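Q: A predicted structure for the sequence below; I have some questions about it.
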Amino acid sequence: MNLTIFLLALFDGIAYAALVFSVAVGLTLIFGVMRILNVAHGSLYAVGAYLTVSLTGYILALGFAPVLAFPMMIVSAVLVGVLIGGPIEWLLLRRIYNKPEVLQLLVTFAVFMILEDVQRLVWGTQPYFQASALQAMGMIRVFGVNYTVYQLIILPLVALVLLVGLRFFLRHTILGKLILATTEDREAAQSIGIDADKVFLLTFIVGAALAGLGGALASPTTSILPGMGADMIVLSFAVVATAGLGQIEGAAFTALLIGLGRSFAVYVWPETAVLVPYLIMLIVLLVRPEGLFGSPTARKI
Amino acid sequence: MKKLLLTTAALIAAPLAALAADKPAELKVGVTTFLTGPASVFGVPARDAAEILVEKINADGGIAGVPLKLSFIDEGAGAEALTSEFRRQVESEGAHAMMGAISSGNCQTLAPLAEDLKVLNLMWDCGTQQIFEKNDYKYVFRTQANATPEMLATVLYLLKVKPDFKTIAVVNQDYAWGRDSWQIFSTALKALKPDAEVVGEFFPKFGAADFSTEISRLQAMQPDVILSTSWGGDLDTFIQQAAQRGLMNSSTFVIPLAESSLERLGSTLPAGHIVGARGDHYFLHPERRDDADFKEFMAAFEEKTGAHAIYPVFHMSQALAALEAAYDKAVAAKGGEWPSEDEVIAAFEGLTFQGLGREVTIREDNQGVEAQLLGTSVQTGDYPFATLENIMIFDGAALTTPVGQESVEWVSKLTPDYAASVKVDSYDR
Amino acid sequence: MTVRLAIPALILLAVAAIPFAAPSLQLLMNLALAKGIAVVGVTVLLRAGQVSFGHALFFAIAAYAAAFLSASMPGADLVLVLVVAVAGAAISGVLVGLFVVRYRGIFFGMLNLAFSMIFWSILEKFYHYTGGADGIRLPRPTVFGMALERGPFELIMFYLSLALVILLGWFTVRWFASPSGQLFQTIKTNETRLQYLGVSPQRALLTGYVLSAALCGVGGVIMGIVQGVVTPEFAWWIRSGEMVFIAVLGGAGSVAGAFVGAAIYEIVRTYASAFAGDIWQMLLGGFLLVIVIFAPKGVIGIYDATLARLTGTRANDGETRK
């Protein structure tokens, strides 16, 4: 493998990792705070993508500039968070926080099944494609290979902003500190007057919006079609579990690991590319069951 | 135990015996199609087409005077639901014939099942060439071609329009169709153009959302030709990403299933790439587009679905045409009386029928012989998407593996002068 | 108490009569019985408080073992196919179990998921050996040397499945009551006590894990034989999720509930996909939500509560679960 190929694989890996991180970060946030592994995250991702495509198509039809596709991504993400994430927490999850883990997981599994059909009823079965945002950014040429600016620069940049932004939000804003306090000890937080219900609701809305944003960011590069959520959710699980549940920085690192692993596999031995994320997850979990960055929790007695 | 078995055998045989001579009030046909999942891009248009066609058949008095009633089974609900429902329709609802399936895997499951249930089954869309090469079936027929003629025609077209290419790479979906079609294509290429070099083989997973890495690699390799037998969302994504990054300017794409993606791809698909249609299926079929029945159907289909017809629509029309032709033939042979199941089966021998494309003939091994249409993409501005020019329609007879032979073996023994033996008609557009 | 025994007995009799009373339901019920056995495997782990999101792994391993055996030994006998397949699942259970029994809770679940997804990827990827996404055919095995037609063969499979349901259900319930089973269930309530007793919780969990893998294997091989084809979908994560779904639907931790849940699930799914093709997933999801939120003890819980009200006795959790 020469240096050019190495760098090409590196670029591809980073672009892919950025996308995976954008999706996985919402999942890990929700788990970190609420201790719920949200299977419906994949559906929220898909709905975010569908919404972006529809909204972008709509404003383009009205004659607006393709650059406006970017604000539409944020609008879609917010809509997913507020209109779908909110009610899920409010109507369903709130009833089951004191139930066993398996029941919590099944509730989100049920929501996943329902949302899969909702997508099909609303958007039908034909694949959608809406690449205006990507085309608006143009291409750059590196070592004789064309890359889109969107994938090579914008996506990693957005991922970086998300990472730094979330970190800042959680550590340096009042709201973020309230969330962290609730995560640490819910009862203690409530006793000092924090409304834990509101914190959970807010967290879930933010997490769901991040899933929607992941879908929105993916939409210019891929076909939007039924079933896209089911694939993404397992990949996000792999990222989140490998990183250590609730580890945001860890998720970024792991996404990079998986993204690079996959792209190098395509260059070296394409047949193994699909195995890479799960192999990484398995090896990491066998050596460090709490994940790369997770801290071992004290066993309950 | 023996008595028990006999009773069951009697129970299973009973409805068949009763059904033999009575003219039913309606002809019940179960159709398996994808209503959910990625392959619903084929299944849903085919269902819509079936509804239009059946309405027309029934308005004209039905099949030999009996109205046709279709019920649809979702192939996307998984193999258990599919086989349970298939059996329920045959055993409980008394379906007279079945049409299954789109997925080759499902065809391989349903063919032996139909044989056991002794029910007529028309494989109306699936592509695997193996079904009749590995097994003999009495009740199972295929009303279209299979992977072998589809891939052979593609190789022949490529050799006609771009005879001097040196290198080729493949990006296929990682499942039976992607692997089988490449095996046939590469074997044919080796036999017909031994100097072509395969520089890259990629099998990204089915439903992959991202081909960026493959595309980077392909750009570094610069092959003359890139083959992809992918379809649906996978193909759309691949073409979009390849076009976005300029790969389609440096390599000629050979995309044998792209006819079904033309409309969705819109202006993305540039001119000059080789497009196939799994048979002579094209909404501007040069030999059929001025025929009244063709125009009437296309108008009805566009009005109903808002889209142009794609190949599974044609396949559906062929299966229904075959059913109608077989019943008509069997009724005629019986002097106007309603035929038994066996008599309908017998009518399929050498049956010729015409759906929306050219005529199709059923061979003695139950395989249909169908013509193959390919063309080169062009953006004319008449439609908001690419259409075809330099269209060639290959006669199916010489493309289809001879009865009793195994496809890959047969294809590997072809010689470069084989190309001349296949009858072909050319049209500018 | 007699009512409590009489109703299950009546249900079993009704199921046994299906091939004659309602032949159209026979295949459906057979698939439900197969799935039910696999779900018992998941239920076993639930009794130790562990949820596996990857038990479809063993389901698939057994099915593929059967398919490979039949391919390399055409006309292999049913008994041989069953034994080899279940042995395959059990051995993989030991191998995977050695790794995963060190973990609890969500980590246990995720690790199982990882194993099953790797197996799934291998099945999809190594097309030349596994047939890829289309899977491989599992031809009908011979029964004691006889090659049977579909009708009689399916009848045999049906009663064989029913017999296995009764046998394995009984065995599992007995095992729960045995010393080894008791230790196993202590992992849920008080794992530390096991250590004080000088018992390795890992070993206790491994025993149960292998049992659950073998049960999933029995379900998988029956499913494969009845369908005549095995596909990577057998190992897909949604299949694992479905098993947990059914376990909870029937009544988490209840062996009888596993079968009841499987029957209800299969019926709802088949009829929903037949009569409401567009929204069958939504119906199933809604159904699951209602169960989890309003009747978290599942169908068996409802049954016990109803029975308790009718007979005037108070349902006792410990009792009903046996």
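A: Nice, I can see it. Numbers count the residues shown, from 1 in each chain, chains lettered A, B, ... in the order given.
Q: and residue C:99, backbone torsions?
A: Backbone torsions for residue C:99, taken as degrees, to the nearest 10, come to phi -80, psi -50.
Q: And for residue 5, the neighbour number?
A: I'll assume chain A. Neighbour count of residue A:5, defined by other C-beta atoms under 10 Å in any protein chain shown: 16. The way it works is simple: take the backbone N, C-alpha and C, and place the C-beta from them, glycine included.
Q: Can you look at chain C instead?
A: Residues near residue C:5, counting by other C-beta under 10 Å, number 9.
Q: And the pLDDT at it?
A: Residue C:5 is assigned a pLDDT of 73 by the prediction.
Q: and residue B:308, what is it in contact with?
A: Applying C-beta atoms under 8 Å, 6 or more residues apart in numbering or on different chains to residue B:308 gives the contacts B:262-263, B:283, B:298, B:301-302.
Q: Please repeat the previous calculation with a cut-off of 7 Å.
A: Applying C-beta atoms under 7 Å, 6 or more residues apart in numbering or on different chains, we find residue B:308 in contact with B:263, B:283, B:302.
Q: how close does it sit to residue B:379?
A: The gap separating residue B:308 from residue B:379 is 16 Å, by C-beta to C-beta, to the nearest Å.
Q: Tell me where the model's unsure across the chain.
A: With no chain named, the answer covers chain A. Residue ranges of chain A with pLDDT under 70: A:1, A:295-301.
Q: ah, no, chain C please
A: Using pLDDT under 70, chain C drops low at C:1-4, C:274, C:277, C:312-322.
Q: Run a quick neighbour tally on the nearest residue to residue B:102 once chain neighbours are set aside.
A: Residue nearest to residue B:102 in three dimensions, not counting chain neighbours: residue B:125, with 4.5 Å by C-beta to C-beta, 6 or more residues apart in numbering or on different chains. Applying other C-beta under 10 Å, we find 31 residues neighbouring residue B:125.
Q: circling back: would you mind giving the contacts of residue B:308 as TSV with distance to chain A, neighbour count and pLDDT added?
A: Shown next, in TSV, are the contacts of residue B:308 (distance: C-beta to the nearest C-beta, whole Å; neighbours: other C-beta atoms under 10 Å in any protein chain shown; pLDDT from 0 to 100):
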residue	distance to chain A	neighbour count	pLDDT
B:263	9	18	93
B:283	16	25	95
B:302	15	13	95
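Q: ranges for the helices of the stretch 201-322 of chain C?
A: For the stretch 201-322 of chain C, the helices defined by DSSP state H, counting those that start in this stretch occupy C:201-227, C:237-251, C:255-275, C:280-294, C:298-311, C:317-320.
Q: Next: the stretch 1-150 of chain C.
A: Listed in chain order, the helices of the stretch 1-150 of chain C (DSSP H, counting those that start in this stretch) span C:2-21, C:26-47, C:56-72, C:78-100, C:105-125, C:127-130, C:150-177.
Q: so which of the ones you listed gets nearest residue B:409?
A: Closest to residue B:409 of the helices of the stretch 1-150 of chain C is helix C:127-130 (C-beta to C-beta; 16.9 Å).
Q: Of all the residues in that closest one, which ones are buried?
A: Within helix C:127-130, the residues that count as buried by 16 or more other C-beta atoms under 10 Å in any protein chain shown are C:127, C:130.
Q: elements contacting that helix?
A: Helices and strands touching helix C:127-130, by 3 or more C-beta pairs under 7 Å, 6 or more residues apart in numbering or on different chains; DSSP states H and E: there are none.
Q: what's in contact with it?
A: Contact partners of helix C:127-130, identified using C-beta under 7 Å, 6+ apart, comprise B:179, C:123, C:136.
Q: nearest to residue B:112, of those?
A: Relative to residue B:112, the closest of the contacts of helix C:127-130 is residue C:136; by C-beta to C-beta it sits at 13.5 Å.
Q: Does that closest one touch residue C:232 like I think?
A: No: taking contacts as C-beta atoms under 7 Å, residue C:136 lies outside contact range of residue C:232: 10.3 Å.
Q: can you list the residues of the stretch 151-300 of chain C near chain A?
A: Contact residues, the stretch 151-300 of chain C versus chain A (C-beta under 7 Å from any C-beta of the partner chain): C:192, C:237-238, C:241, C:244-245, C:248, C:252, C:278-279, C:281-282, C:284-286, C:288-289, C:292-293, C:296.
Q: Drop anything exposed from the residues you listed.
A: Judged by 16+ other C-beta under 10 Å, buried ones among those: C:237-238, C:241, C:244-245, C:248, C:252, C:279, C:281-282, C:284-285, C:288-289, C:292-293, C:296.
Q: Just give the closest residue to residue 199, not the sequence neighbours.
A: Went with chain A since none was named. Leaving aside its chain neighbours, residue A:199 sits nearest to residue A:182 (4.5 Å; criterion: C-beta to C-beta, 6+ apart).
Q: looking at chain B here, not the other one
A: Of all residues not flanking residue B:199 in the chain, residue B:167 sits nearest, at 4.7 Å (C-beta to C-beta, 6+ apart).
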